[in-house]
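Undergrad: Make a model of this:
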Amino acid sequence: MTSFHHRQRGEGKIGCISTLLIVAILAALAVKLVPVIYSDNGLANAAEDLGSRAGILALPALEAQLRGKATELEIPEALAKGAMTVQIRGDKQAGTCVITLRYTRKVDLYGIYTLPITTDKTVNRPYMDAR
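TA: Predicted structure coming up:
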């Protein structure tokens, strides 16, 4: 009596290859996109931190530190004119610091497609003089 199971090999090559292909494509996309998203979030976090210090820093110093952070994170689009604006509403004792980030980064996905990633964030941070 022959068993039916000896003729089944359990091979699923097409499913395995397609799964590996999808994982490889997702990994390749992540290599390109994750650093861009990470640096954009780093600049937004720096804007929030700097907004809280508006009571002890002058407006030119705030702008210079924000530009320095954009340079450090290698975001040249943020250094363009009008991409980052810093406004202080109130006096040196108390008020609100408004920092606006508006820029678009183009990410080249291996020459197949260019994906625009837009950052449009406004940070409103109240501040008080800490001296």
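Undergrad: Now Ala46: closest residue in space that isn't a chain neighbour?
TA: Lys69 (4.2 Å; C-beta to C-beta, 6 or more residues apart in numbering). C-beta here means a position set from N, CA and C on the backbone, and glycine is covered the same way.
Undergrad: And for that neighbour, the neighbour number?
TA: 20 (other C-beta atoms under 10 Å).
Undergrad: Surely it is within a helix?
TA: Yes. Under DSSP: H, G, I helix; E, B strand; the rest coil, Lys69 falls within a helix.
Undergrad: Tell me which residues touch it, please.
TA: By C-beta atoms under 8 Å, 6 or more residues apart in numbering, Lys69 lies in contact with Gly42, Leu43, Ala46.
Undergrad: what bridges to Met84?
TA: Applying DSSP bridges to Met84 yields these beta-bridge partners: Leu101.
Undergrad: is it true that it touches Thr100?
TA: Yes. Look at Met84 against Thr100 with C-beta atoms under 8 Å: they come within range, at 7.1 Å.
Undergrad: Please identify which of these two sits among more neighbours.
TA: Comparing Met84 with Thr100 by other C-beta under 10 Å, the one with more neighbours is Met84, at 21 against 16.
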